[in-house]
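Asks: could you work out the structure for the sequence below:
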Amino acid sequence: MKILAVDYGDARTGLAVCDPHELLASPVGVIHSHKMEETLRQTVEAAEKEGVGEIVVGYPKNMNGTVGERAELCAAFADRLREQVTVPVTLWDERVTTVQAHKIMNETNTRGKKRKEKVDAVAATLILESYLAYRKNQI
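Replies: Coordinates of the predicted model:
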């Protein structure tokens, strides 16, 4: 089944999708919007375009496992998304994925505007890879 991962942000939201066999996660783009409604609309469009059977929204808990303001915003986004799609929407713990994405950008020497454009999609890909690994181990 194809799965869409969402790294929800205030200004940029990264998207990634996997293949139907759940083997490979790939970035599919970044939504540029400060408005949740617009981000929701474009996320729903991406889910429909990609024909996904599930959406995974990154849930950035604090390092000690508590839920902070950012995680609450992501949960609210996921709740609103559930109202607009017919596929399951899952929150997935994504602690340090943005840090990992920046590390990957450093390793590939991606700098400046290109880095800013890609880091959120890379973070979404990392969220999806983590979720796929979990699913693989649950079967």
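Asks: roughly how far apart are the nearest residue to residue 19 once chain neighbours are set aside and residue 23?
Replies: Nearest non-adjacent residue to residue 19, counting by Cβ to Cβ, 6 or more residues apart in numbering: residue 2, 7.0 Å away. Heads up, the C-betas are built off the backbone N, CA and C, glycines and all. If you measure residue 2 against residue 23 using Cβ to Cβ, to the nearest Å, the figure is 11 Å.
Asks: between these two, which one's more packed in?
Replies: More crowded of residue 2 and residue 23, by other Cβ atoms under 10 Å: residue 2, with 16 against 9.
Asks: need the pLDDT of that one.
Replies: On pLDDT, residue 2 comes in at 98.
Asks: what about the helices in the protein?
Replies: Secondary structure of the chain, counting by DSSP state H: helices at 36-50, 69-82, 97-107, 112-138.
Asks: I'd assumed residue 2 was in contact with residue 55.
Replies: No. Counting by Cβ atoms under 8 Å, residue 2 is not a contact partner of residue 55; they are 10.2 Å apart.
Asks: lowest-pLDDT helix or strand in the protein?
Replies: Using mean pLDDT, DSSP states H and E, helix 97-107 stands out as the lowest-scoring helix or strand of the chain, at a mean of 64.
Asks: show me what stretch 65-75 is in contact with.
Replies: 8, 57, 58, 59, 60, 61, 62, 91 (Cβ atoms under 8 Å, 6 or more residues apart in numbering).
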